[in-house]
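>>> here is my input, please return the structure:
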Amino acid sequence: MSHLIRHTPRSVSDSTDVPTLSRKHPAQEGSHHIQQGESGAGEDQIQYLETSDASLPREWERISALAIKHLERCVSLEPKVLQGDDPDAIHDLRVATRRLQQVTDLIYPSPRAGEVRKLYRGLRRCRRSLSEVRNYDVLLKHVEATLARKHTARREAWEAIREYLIGLRAAKLEKSLRKLAKANLSDIYIRLKEYLPANGGSKPADGITDPDGARQDLPLGQFYQRISEALSSVWAEFEQEIAQSRHDHGPAVLHRTRIAAKRVRYLIEVIQAFDVPGSKEVLIWLRNLQGQLGDWHDLIVFEDAVIAMIADRDFLRDHLKMAIQIERLIMRNRALKSILEMKYFAMVQDRTGFIRTREWVRRMVDSPAALFAES
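Numbers count the residues shown, from 1 in each chain. Alright, predicted model coming up:
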């Protein structure tokens, strides 16, 4: 029987007006690259050691290793998140849950058995419990950056916005942390890890038995088939949203496009972990696109927050002049949104970017084994 032996070190714009709001840019998040017997500085080291009767394909062992890596990343970040004062930890935990779900989607594709479905729902609850807090962290970071400038126009308005956002974050944080604790990430870790392939001698060497007792073989052909089917599905959704966005520039459509781009990106990160030719270039394009849409989304969230602020009757009565200043910031914000929308449409019409990415995706969907063989 083949087993996975792991050696893992423990660690658990505009100078006077509204700046372009951006999260940690997707290109800075990097991709998880696993190599046999080596790792970069500061990265988890994952080694694959063969036993004499190995029968689980190496590709499935690597998928299992990726899943365990993301599981351990989630558990190591949870204590930092529960402290409530580490915006980077909140962001990193949300990213880790997305990456974990993407990897395990290949092992347990939809429709999933009852117990696995519960574990997936738990991961989603962990991530969604922190979404609003994450939004406030992004906004506060850029409000602080604006106030740090020596010559910031409408400083009084920016200071009022900062205090307002701090209050919103504090009110939301307590509820969010209660939801995160209730999701019980440690229990998800234990239960999901038990049902990963090549992670324990009680399981069949060439497959898995899911928590509901259903037997699932994992031959090499199944790996390529699931890669192909998963990529075909997420790419079709992504192209559909892009096509819709050309006719409807509304926030709901562009938001769906942003989410679809994330799903494609996280799946291709899994493929890139195998050094598949072309995957690195595709990821660079996707991260840049996601960065544009992420900045646009942050401007949407900013506008919604400050509109709610000045819509308060008491605030408007007591701070009428400041409300007028904030309205001017909103108009500047809308101009920046239009610029980002134009950049997005330029990217999806660029033959050297979108068309090349689509051609690579089609090759991977049609002949995954051939492309993996080149890695």
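
>>> only C-alpha atoms for contact and neighbour calcs from this point on.
Will do.

>>> give me the low-pLDDT residue ranges for the stretch 251-375 of the chain?
For the stretch 251-375 of the chain, no stretch is flagged by pLDDT under 70.

>>> repeat that for 80
351 (pLDDT under 80).

>>> can you show me the helices along it?
Assigned by DSSP state H, counting those that start in this stretch, the stretch 251-375 of the chain shows helices spanning 251-272, 279-311, 313-318, 320-348, 356-366, 368-373.

>>> turn those into a markdown table, including mean neighbour count.
What follows is the helices of the stretch 251-375 of the chain, written out as a markdown table (neighbours: other CA atoms under 10 Å):
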| stretch | mean neighbour count |
| --- | --- |
| helix 251-272 | 21 |
| helix 279-311 | 19 |
| helix 313-318 | 12 |
| helix 320-348 | 16 |
| helix 356-366 | 17 |
| helix 368-373 | 16 |
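
>>> can I get the ones you listed in JSON lines including distance to A96?
Below are those laid out as JSON lines (distance: least, CA to CA, whole Å):
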{"stretch": "helix 251-272", "distance to A96": "10"}
{"stretch": "helix 279-311", "distance to A96": "16"}
{"stretch": "helix 313-318", "distance to A96": "39"}
{"stretch": "helix 320-348", "distance to A96": "26"}
{"stretch": "helix 356-366", "distance to A96": "24"}
{"stretch": "helix 368-373", "distance to A96": "25"}
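
>>> which residues in this protein form strands?
Under the criterion DSSP state E, the chain carries strands at the ranges 207-209, 215-217.

>>> would you single out the least confident of these?
The minimum mean pLDDT among those belongs to strand 207-209 (a mean of 62).

>>> which residues touch E156?
Counting by CA atoms under 8 Å, 6 or more residues apart in numbering, E156 touches M322.

>>> mind checking how far it is from F274?
Distance, E156 to F274, by CA to CA, to the nearest Å: 52 Å.

>>> cool, R226 as well?
On the measure of CA to CA, R226 and F274 end up 15 Å apart.

>>> and for A157?
For A157, the distance to F274 - CA to CA - is 50 Å.

>>> now the closest residue to S245 other than its chain neighbours: how far from A181?
Nearest non-adjacent residue to S245, counting by CA to CA, 6 or more residues apart in numbering: V253, 5.8 Å away. Using CA to CA, V253 is found at 33 Å from A181.

>>> also D248?
From D248 to A181 the distance is 39 Å (CA to CA).

>>> do the same with L192
Applying CA to CA, the value for L192 to A181 is 17 Å.

>>> just E115 next, same as before
In terms of CA to CA, E115 sits 20 Å off from A181.

>>> again, but for L119
Separation of L119 from A181 (CA to CA): 15 Å.

>>> let me see the contact set for Q102.
263, 266-267, 270.

>>> same deal with Q101?
120, 123.

>>> kindly report the same for the one 5 residues further on.
L106 makes contacts with 223, 226-227, 230, as judged by CA under 8 Å, 6+ apart.
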